[in-house]
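J.: fold the following and give me the result.
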Amino acid sequence: MTSGSRDLYGANSSSTAADSADLAAPGGRTSAVAPPLAPAAERPAPRPEPRIEAGGTGGGGRRQPTGFWRTFDSLRDPNYRWFFGSTFAHFAGMNIQMFIQGYMVFQLTESFAYLGAISVAQGIPMLLLAIFGGVLADQVSQKKYVVQVGQAVNALNAFLVAFWIISDLIVVEHLLAAAVVQGTVNSLMMPSRQALTPEVVGMERLTNALALSTAGMNFNRLVMPGLAGSVLAILAPEEGLTATEFVYIAIGLMFVVAVLFMFKVPKIQREARGERSVSGAIADLVDGLHYVRRTPTIKLLLITNLLIVSASMPYFMLLPGFVEEVLDAGKGELGFLISIQGVGSLTGSLWIASMANRGRGKLMLYSSLLLGVSLIFFAASEVFWLTAGILIVVGLGQSGRMSLSNVLVQSYSEDDYRGRVMSIYMMEFGLTMIGTFAVGLLAALIGPQWAIGGTAAWLVVLIVYLLARTDLAKLD
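T.: Sure thing, here's the model as predicted:
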């Protein structure tokens, strides 16, 4: 992509265009986004779209589905069904791990700071390596192999933790090391998995496909933590680490299933990018950063996502301690609360899967506002069943924020840069996970309710500002 290429608004993609986007609009509003014309999906591609060897993804001339099939449109494509199955198994392992990892850390340390340290252990590799994962995604001809290797390493990582537990050697440092491995793997793998989605289903179905992927994740969040917590409570009624090795073995098996399903995803025929070298990779990395800087919409979306996730993530990482100290509950209740969020999240994801490709910016902001308000009520609650009801609303807001921020970033990114843009998107999660450590320290000083409530109040103020002072709500 040359410096004379045009961004989604038809403006020249140069530093001059980027600088002009920062000027104040009439009336004092920040013109962070010019009046939107069309996302990348609706612009002529600079070169032919990648071709799939088998199966079809549907073209622009196909009949638009209605009713039931509008919600599950992408699942009509057999290629996407295998991809969805692999992603579903991956999310199953991840959601069980979210429950058991926090539970084990708090059992070993009884420390909110260590719960935050787990976030740092995952976040630092994501911060340092995610951009290289984006370069990898844009350079390799077959992203599916990158995804498979990452899933296989995650499986081995889970089996290793199970071995430490069985051998009675487990200490919190082992969990921190496993978190570093997981963060490293996800940094290098996730940009490829994200960028693979439009290659499998096509840009026309991207909103639907990403929403269905989020729905699969939220279904797993609904079922897996509660199931793992219930089974663990049955096997070991007393609090402690007894029987946790079985949970990690199950996590490893889920990642193995994900690897096997990915074998059925067809190879994508992509135009060769020339000889690969270290200098070429660094040049691609720098080019990707320049692309974000000179593209106002992408820059604003990434900054917005960073700020929203920074304010909305800490509650989840501190939930194990919140359940034990504020709600006076145990592992069964912890698994239930993690799962109950999936009710709202699944509902929101399926609704987004059914929506047309318009009004997505406004819905993302309103979903984030709902998330912030519900988290304030969550922080104030000390009643278990009231907290459970509030978390359903939290899940609804979280699913809208997560699905739509992802699809907007991908829709407004050009094909050649999508992997690197998504890697920056992943880097932001690394930053926020490090920020969660600071909130964990704050929770240790003033209590989890004030720490979570404070970040939620900041989120509400942020969204009100974005609605009033930017044009994000105009993005389709």
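J.: residue 400: what's it in contact with?
T.: 348, 352, 363, 364, 366, 367, 368, 370, 371 (C-beta atoms under 8 Å, 6 or more residues apart in numbering). Where you see a C-beta, it was placed from the backbone N, CA and C, and this is true even at glycine.
J.: among those residues, name the ones in helices.
T.: If you go by DSSP state H, those have 348, 352, 363, 364, 366, 367, 368, 370, 371 in helices.
J.: closest to residue 113 out of those?
T.: Using C-beta to C-beta, residue 371 comes nearest to residue 113 of the ones in helices among the contacts of residue 400, at 25.2 Å.
J.: and that closest one, how many neighbours?
T.: 27 (other C-beta atoms under 10 Å).
J.: now do it against residue 384, distance only.
T.: 21 Å (C-beta to C-beta, to the nearest Å).
J.: quick one: the helices in the stretch 51-200 of the chain, in order.
T.: With helices called from DSSP state H, counting those that start in this stretch, the stretch 51-200 of the chain shows them at 68-71, 78-109, 112-139, 143-166, 172-201.
J.: possible to save these as a markdown table with mean pLDDT and distance to residue 472?
T.: Supplementary listing: these in a markdown table, determined by pLDDT from 0 to 100; distance: least, C-beta to C-beta, whole Å:
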| stretch | mean pLDDT | distance to residue 472 |
| --- | --- | --- |
| helix 68-71 | 63 | 26 |
| helix 78-109 | 86 | 28 |
| helix 112-139 | 76 | 23 |
| helix 143-166 | 91 | 29 |
| helix 172-201 | 84 | 21 |
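J.: looking at the ones you listed, which is closest to residue 328?
T.: With C-beta to C-beta as the measure, helix 78-109 is the member of the helices of the stretch 51-200 of the chain nearest residue 328 (13.9 Å).
J.: remind me what the closest one packs against, helices and strands.
T.: With contacts defined as 3 or more C-beta pairs under 8 Å, 6 or more residues apart in numbering; DSSP states H and E, helix 78-109 has these neighbours: helix 112-139, helix 143-166, helix 172-201, helix 206-235, helix 244-262, helix 319-325, helix 331-354.
J.: pLDDT weak spots in this protein?
T.: 1-70, 237, 239-240, 269-281, 349, 352-357, 428-431, 434 (pLDDT under 70).
J.: now do 50
T.: 1-38, 40-61, 272, 274 (pLDDT under 50).
J.: residues contacting the most centrally placed residue in it?
T.: Nearest to the geometric centre of the chain sits residue 402, at 6.5 Å (C-alpha atoms, centre = their mean). With contact set as C-beta under 8 Å, 6+ apart, residue 402 has these partners: residue 214.
J.: check which helix or strand covers it.
T.: Residue 402 belongs to helix 384-411 when assigned by DSSP states H and E.
J.: now residue 441
T.: Using DSSP H and E, residue 441 falls within helix 418-446.
J.: could you give the angle of that helix to helix 112-139?
T.: Per axes from the mean of the first three to the mean of the last three C-alpha atoms, to 10 degrees, the angle that helix 418-446 makes with helix 112-139 is 180 degrees.
J.: now the angle between helix 143-166 and helix 418-446, please.
T.: 30 degrees.
J.: now helix 418-446: buried residues?
T.: Across helix 418-446, burial judged by 16 or more other C-beta atoms under 10 Å covers 418-437, 439-440, 442-444.
J.: returning to that earlier point: mind giving me a markdown table with the contacts of residue 400 and columns for distance to residue 216?
T.: Converted to a markdown table, the contacts of residue 400 look like this (distance: C-beta to C-beta, whole Å):
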| residue | distance to residue 216 |
| --- | --- |
| 348 | 13 |
| 352 | 13 |
| 363 | 20 |
| 364 | 20 |
| 366 | 24 |
| 367 | 19 |
| 368 | 22 |
| 370 | 22 |
| 371 | 20 |
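J.: just the buried subset of these, written out for PyMOL, thanks.
T.: To isolate the buried members of those in PyMOL, using 16+ other C-beta under 10 Å:
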select buried, resi 348+352+363+364+366+367+368+370+371
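J.: from the contacts of residue 400, which is closest to residue 288?
T.: Using C-beta to C-beta, these come closest to residue 288 at residue 364, 23.2 Å.
J.: touching, that closest one and residue 408? I think so.
T.: Yes: between residue 364 and residue 408 there is a contact under C-beta atoms under 8 Å: 6.6 Å.
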